[in-house]
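J.: Any chance you can model this:
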Amino acid sequence: MEALHHPYPYQEELPTQQTMDAMWRLFLAIGEFWEIDADIEAMSSNLVVFMSNRIQVNPTYVAEYANAEEVIDELISELGEAEAYKKLFTDPSANISPPTTKLARARQLVSNEFVALQLALGGFKTFGGAKNYLGYISGANIEGDTPYRTYTKEPK
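T.: Numbers count the residues shown, from 1 in each chain. Reported below is the predicted structural model:
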């Protein structure tokens, strides 16, 4: 019965540096592929925190990140780097539900979450229409003019 009350032994496990480097390359490839016009280099600490939080909530993410690294390495050796990431991001066979293949798990549990993270950190501005950017919101759902922080387009 004592084993039931001990902390889960894998809770403190972290990905290897090699896996972290592979996840950073994936994160950069996402920005390049989707043409996200944001300072992705400045998001590196956010990515590390995001991954650490995922692992704390669900320790199996250590294996998911290692799987994604393995899938990407295999795709790169078969297709080359650009085509490998394109396949990971767009192959319809990676959309199966539940994700039962290594490719599907890499896409749905790692790549798609990294896309969402980039968009949440400011990548959404790439697609236009961001108003009142400072708060990442457009204000209250009130008809008429917004009574604060009006949007002005800054010259490039």
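J.: what's in contact with stretch 91-99?
T.: 88, 101, 103-109 (Cβ atoms under 8 Å, 6 or more residues apart in numbering). Heads up, the C-betas are built off the backbone N, CA and C, glycines and all.
J.: cool, stretch 112-126 as well?
T.: Applying Cβ under 8 Å, 6+ apart, the set of residues contacting stretch 112-126 is 23, 26-27, 30-31, 34-40, 43, 46-47, 50, 54, 130, 133, 136.
J.: Return the subset of those lying in helices.
T.: 23, 26-27, 30-31, 46-47, 50, 54 (DSSP state H).
J.: tell me the mean pLDDT over the longest helix along the chain?
T.: Longest helix of the chain, by residue count under DSSP H: helix 61-79. Averaged across helix 61-79, pLDDT comes to 97.
J.: Specify the next element, helix or strand, located C-terminal of it.
T.: helix 81-90 (DSSP states H and E).
J.: Which neighbouring elements make contact with that next one?
T.: Under the contact definition 3 or more Cβ pairs under 8 Å, 6 or more residues apart in numbering; DSSP states H and E, helix 81-90 sits against helix 17-33, helix 61-79.
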